[in-house]
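Chemist: Structure for the following, please:
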Amino acid sequence: MREIADAADIGLPAAKQRLRRGRMMMVDALADGAARRMLLQGVPMRCWDARQHVSDYLDGALDADVARAVEAHLERCPTCPPLYAGLVGAHEGLVGARDPDSVVPPALQARLAVVLTESHGPDAR
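Modeler: Below is the predicted model of the structure:
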């Protein structure tokens, strides 16, 4: 996520918001058509509702009941699973091994870790 923010010359919160908006725009582009509406009859949770939760679902930040509802939707929806699969790949590429929510520069994190370790022992972090 930091790489995107740096490449776009924007802050990390702005990069996260733009990614969420992009996810929503992709889903909206797939949501048109009467034939699709027919296929959605009986699908738990509306696509719009699932879309509202997809970013938090990918980040593991949803309440367990809502997460199960999103999963049930993905099992039966004719449109959302391919979109979700694409988002998972993009999310994994963006997150990598680093904390995607960290807005603290790595150099400052290292300095804080040293201070905490010195003052409170190695388990303070």
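Chemist: If you drop the residues flanking it in sequence, what lies closest to the spatially most central residue of the chain?
Modeler: Closest residue to the average C-alpha location of the chain: S55 at 3.4 Å, with C-alpha atoms, centre = their mean. Residue nearest to S55 in three dimensions, not counting chain neighbours: R20, with 4.8 Å by C-beta to C-beta, 6 or more residues apart in numbering. To be clear about C-beta, it is placed using only N, CA and C from the backbone, and glycine gets the same treatment.
Chemist: quick one on the thing from earlier: and after the helix or strand harbouring the residue nearest to the centre of the chain, which helix or strand comes next?
Modeler: Assigned by DSSP states H and E, S55 belongs to helix 47-58. Downstream of helix 47-58, the next assigned helix or strand under DSSP H and E is helix 64-76.
Chemist: Please enumerate residues in contact with that next one?
Modeler: By C-beta atoms under 8 Å, 6 or more residues apart in numbering, the list of residues contacting helix 64-76 from outside reads 42-45, 47, 49-50, 53-54, 57, 62, 80-81, 84.
Chemist: Give me the buried entries from those.
Modeler: Among these, those buried by neighbour count (16 or more other C-beta atoms under 10 Å) are V43, P44, M45, C47, A50, H53, V54, Y57, L62, C80, Y84.
Chemist: could you dump the residues you listed to CSV with pLDDT and distance to A69?
Modeler: What follows is the buried ones among the contacts of helix 64-76, written out as CSV (pLDDT from 0 to 100; distance: C-beta to C-beta, whole Å):
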residue, pLDDT, distance to A69
V43, 80, 11
P44, 80, 6
M45, 83, 5
C47, 79, 12
A50, 86, 8
H53, 87, 8
V54, 83, 12
Y57, 86, 10
L62, 90, 9
C80, 78, 13
Y84, 77, 14
